[in-house]
Each structure stands twice: as structure tokens, then as C-alpha cells.
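turn this into a model:
(chains A and B)
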Protein chains: 2
Amino acid sequence: MSETDAVLFANEAFYFAFARRDLKEMAAVWAEDAEVSCIHPGWDAIHGREEVMQSWHAILRGAGTPEILCHTPRVTFYGELASVICYEEIGGGYLLATNLFVRERGRWRMVHHQAAPTQGEPPEADDEEDFVPDKIN
Amino acid sequence: MSETDAVLFANEAFYFAFARRDLKEMAAVWAEDAEVSCIHPGWDAIHGREEVMQSWHAILRGAGTPEILCHTPRVTFYGELASVICYEEIGGGYLLATNLFVRERGRWRMVHHQAAPTQGEPPEADDEEDFVPDKIN
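Model (predicted):
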């Protein structure tokens, strides 16, 4: 697996944990040694692993938590840090996310997440939908 | 100057360029060698230096561009990358920003900026306002 694929895998694990409301998997996604922070849409900034995990507990255990899909993730490496910028399809609209990962104990783990509403939409969303059947065949 | 102060200086240079509508300074703030990206509030994601600078041209030359102040910047280092999370006071409300910097040609330069509205506000904003006169005296 290339490093880019390994980062995309970590990014997918984040959205998988979100979609499944899986707090244990969400805890595994986030770094334990490095400093972590999170900016949920409209919220205050959250610093520290315990506080970030509490926020995910509130979101994933909340009654109104919508479905989520990740589109067109784009990976960039800056030394030991990997950045993923992607669209999130949620509640019939789109958010844009900045997801940051560092290598910790042999795998990429999230150190920062900011998501916020956008009036844009993923440029290749149509291509993705067309691509799926070809991939299966 | 400590590395943290050097990053805060680069972060301040970004807000100074924004506040002064100084496109030349804004161009100097952003990295030239590393990949850059930008997510303005509500916009699509922008990738590439030319496209990012075009967006700043549109914003800084726009008639309705509001004043901006940076509050409570918080620096974290991830290897060769520095992250700054800060509040932006703009148009009577607050945004939260993720600003990322790498060292390039001897100084810290911005590689990513995401800003989005928050219903929160900087926790130490009152302290900052009290602090300014003491600093001058």
C-alpha cells in the first residue's frame, strides 16, 4: 500500500466510524500521543484528546446525527504530516473538511479535523457515481 | 525568536496582509514551493498557488470586504509543519481558522487556510483587551 493509500485508508476509517456511530473505532482513528484538535461546524475549537472524544460521544450518540459520505479526498504530504481535503455529503448538503494525520505506532492517525458548510460540491461527484459500476464489473 | 514566535509572526503577517488588503504581502505569506490550498467560508476548495492568489485578489479587492482581527492563536508542531488554530473577528461575528505553515527559504509560509463561522468566541478575548494597555505602558 502506498503512503497515499494508507492516508486515504485512515481517512475512510474516520468516515466509517462516523457513519456507523462507532465510538471505539473513532477513538482508534484519533492520535494518542500527538496533540489533537477539532472544529465541528459552528462549534468552538476543541483541544485535547479527552475533550475531542467527548465531542464525538455527543455527536455519535445524538438522536439527530445524519448520514455522512466522503467525496473526492485529496492527500498532500508536508514532511511527517498528511493533509486530506475532502467534501462531506451530509443531510442533503455538503461540508468541506480539512483532516490532518500523523504516523503513530505504525499507522496514520488523525490529529485535526475541521468541517464547515460549503455552497460548492465535489467536482468529480458525477464521475464517482459513474465509476462504481465499472469497478464492480 | 522561538519557533513558536516565528510561526505566530507568520500568522500575524497573514492577518496584517488581509487587514491592509495588501495583495503583495499576501503573496509573500503563502508558500511558493509547497502545495497550497484554501477553503474560504462557504466556498469550494481551492488548490494551487495561482488559484489561491486569485481568490485573495477577489476578496481583498472586493467592495464589501470587512475588517479582520485574529484572536487567541494556538500553535502546534507536527514535524516540519506548524498548525495555528485561531478565532477571526470579522463583521461583528467570529470565524474559526485552521492555518498551516511550513518552513520555506528560511521562514514559515502558509500552505493551507480554512475559515468558517462559529457560534463560539475566543475564550481569552477579554483578557487580550485588558492586556493591550498594560503592554503599551
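
which secondary element of chain A has the worst mean pLDDT?
Ranking every helix and strand in chain A by mean pLDDT, DSSP states H and E puts helix A:125-136 at the bottom, with a mean of 43.

so where's chain A shaky on pLDDT?
A:124-137 (pLDDT under 70).

can we see that at 80?
Under the criterion of pLDDT under 80, the regions of chain A flagged as low confidence span A:63-65, A:124-137.

around chain B, which positions in it sit nearby?
Counting by C-beta under 8 Å from any C-beta of the partner chain, chain A comes close to chain B at A:34-35, A:37, A:39, A:41-45, A:47, A:74, A:76, A:78-81, A:83, A:85, A:87, A:96, A:98, A:100, A:102, A:111-112, A:114, A:116-121, A:123. Heads up, the C-betas are built off the backbone N, CA and C, glycines and all.

I'd like to know which elements the longest helix anywhere in chain A is packed against.
For chain A, the helix reaching the highest residue count under DSSP state H is reported as helix A:3-19. Other helices and strands packing on helix A:3-19, by 3 or more C-beta pairs under 8 Å, 6 or more residues apart in numbering or on different chains; DSSP states H and E, are helix A:23-29, strand A:68-78, strand A:81-90, strand A:93-104, strand A:107-118.

next, the buried residues of the shortest one.
Applying a neighbour-count criterion of 16 or more other C-beta atoms under 10 Å in any protein chain shown, one finds A:Met26, A:Val29 buried in helix A:23-29.

just checking, next helix/strand downstream of it?
Reading on from helix A:23-29 to the C-terminus, the next helix or strand found by DSSP states H and E is strand A:37-39.

circling back: residues making contact with the longest helix of chain A?
Contact with helix A:3-19 is made by A:1, A:22-23, A:25-26, A:28-29, A:60, A:67-70, A:73, A:75, A:77, A:82, A:84, A:86, A:88, A:99, A:101, A:107-110, A:113, as judged by C-beta atoms under 8 Å, 6 or more residues apart in numbering or on different chains.

can I get the buried part of those as one ChimeraX selection?
In ChimeraX, the members of those classed as buried (16+ other C-beta under 10 Å) are selected with the following command:
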select /A:22,26,29,60,68,70,73,75,82,84,86,88,99,101,108,109,110,113
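
contacting residues around the nearest residue to A:Ala97 once chain neighbours are set aside?
By the measure of C-beta to C-beta, 6 or more residues apart in numbering or on different chains, the closest residue to A:Ala97 outside its immediate chain neighbours is A:Ala115, 4.3 Å from it. By C-beta under 8 Å, 6+ apart, the contact list for A:Ala115 reads A:Ile39, A:His40, A:Pro41, A:Glu88, A:Leu95, A:Leu96, A:Ala97, A:Thr98.

can you redo these as TSV with distance to B:Ala17?
Supplementary listing: these in TSV, determined by distance: C-beta to C-beta, whole Å:
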residue	distance to B:Ala17
A:Ile39	23
A:His40	29
A:Pro41	27
A:Glu88	30
A:Leu95	27
A:Leu96	23
A:Ala97	26
A:Thr98	21
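
PyMOL command for the buried members of these?
In PyMOL, a selection of the buried entries from the contacts of A:Ala115 looks like this (16+ other C-beta under 10 Å):
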select buried, chain A and resi 39+40+41+88+95+96+97+98
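
now, which of the contacts of A:Ala115 sits nearest B:Glu51?
Checking the contacts of A:Ala115 against B:Glu51 by C-beta to C-beta gives A:Leu96 as the nearest, at 15.0 Å.

correct me, but that closest one touches B:Gly42?
No - in this structure A:Leu96 lies outside contact range of B:Gly42 using C-beta atoms under 8 Å: 9.1 Å.

what touches both of the two?
Between them, A:Leu96 and B:Gly42 have A:Thr118 as joint contacts when contacts are counted by C-beta under 8 Å, 6+ apart.

the closest residue to A:Leu96 other than its chain neighbours pairs with what?
The shortest distance from A:Leu96 to any residue that is not its chain neighbour, by C-beta to C-beta, 6+ apart, is 4.5 Å, and that residue is A:Thr118. Per DSSP bridges, residues listed as beta-bridge partners of A:Thr118: A:Tyr94, B:Gly42.
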